[in-house]
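S.K.: Model the following, please.
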Amino acid sequence: MLLEAEGRPKAARRTLPDPDAEVVPGVRWGRPEWVPSAAFWADMVSRASEQSDGFVNRDGSLQEEVGFCLLGGYGITAEVNHAVHDRLVEAGVFVPGRRPAEADIEALLLQPVLLGGRPVRYRFPHQRARRLAVALGMIEDEPPPTDDALAFRRHLMRIPGIGPKTASWITRNWLGSDEVAILDIHIIRAGLLIGLFDRSMRVPRDYEALERRFLEFCGALGARPSLLDAVMWRAMRNIGRGPV
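M.R.: Model (predicted):
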């Protein structure tokens, strides 16, 4: 279902093809005011800033990035993820060489964080403490190669609890790679709405096929996959809450 966008700031737009033309097979361009058409995404990316929307980690350690992505994901809001991750950073959990014990991580995850003045408990303290302890040990023992984004992702997928989406998330954030896509629920939803993804396809089973389709779409839009992914994620979180 495509909606009309209201109240969006005006900006110079590039000339787009006819709304009925296909940007990739099966996906029409539509118009920028049709939310979320291909033209809408092209327009959103043209307004985006690499600095504010790129989500590339330029300051932290790989340990911090693995921790952030393992703590987040399905069932965890971005706000809770950031708050819990900040606590673990302050406690020195991700200091290279430290190798924190599972029990120490779990104790930190069991403590509620304050969001909007109220205490909120992290949803998976036991499971994520175990996964984090193992993951941090494994990347200390055998760091992933950083000269090949796909090899980097495959290496991360050897870690228990890290599937293709989480591994792609770490790869995009740490390497700034445009060879991978983070196909979370928001991106899948956006792709289904415009006919980019076949409804019979599932993650993680069909992750690589869905990723190829997304990267093809990015190429047709002339958009960096890392940037379009970030823009889509933010916009799809807001669609349904009010105007994008």
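S.K.: Going by C-alpha atoms from here, please, whenever you check contacts or count neighbours.
M.R.: OK.
S.K.: Now do the domain split for the chain, please.
M.R.: 62-143, 149-169+178-238 (the TED database).
S.K.: contacting residues around residue 28?
M.R.: Residues near residue 28 by C-alpha atoms under 8 Å, 6 or more residues apart in numbering: 19, 20, 21, 22, 37, 38, 194.
S.K.: Adding secondary structure, distance to residue 134 and neighbour count, write those residues out as a markdown table.
M.R.: Shown next, in a markdown table, are the contacts of residue 28 (DSSP: H, G, I helix; E, B strand; the rest coil; distance: C-alpha to C-alpha, whole Å; neighbours: other C-alpha atoms under 10 Å):
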| residue | secondary structure | distance to residue 134 | neighbour count |
| --- | --- | --- | --- |
| 19 | coil | 50 | 15 |
| 20 | coil | 51 | 11 |
| 21 | coil | 49 | 14 |
| 22 | strand | 46 | 15 |
| 37 | coil | 42 | 25 |
| 38 | helix | 41 | 29 |
| 194 | helix | 39 | 19 |
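S.K.: Make a markdown table from the domains of the chain and add distance to residue 15 to it.
M.R.: Formatted as a markdown table, the domains of the chain follow (distance: least, C-alpha to C-alpha, whole Å):
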| stretch | distance to residue 15 |
| --- | --- |
| domain 62-143 | 35 |
| domain 149-169+178-238 | 12 |
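S.K.: For residue 49, grab the count of nearby residues.
M.R.: 11 (other C-alpha atoms under 10 Å).
S.K.: Check residue 176 too.
M.R.: Neighbours of residue 176 under the rule other C-alpha under 10 Å: 19.
S.K.: before we move on, back to that, pick the most buried one from the domains of the chain.
M.R.: When the domains of the chain are scored by mean count of other C-alpha atoms under 10 Å, the highest mean neighbour count falls to domain 149-169+178-238 (a mean of 19).
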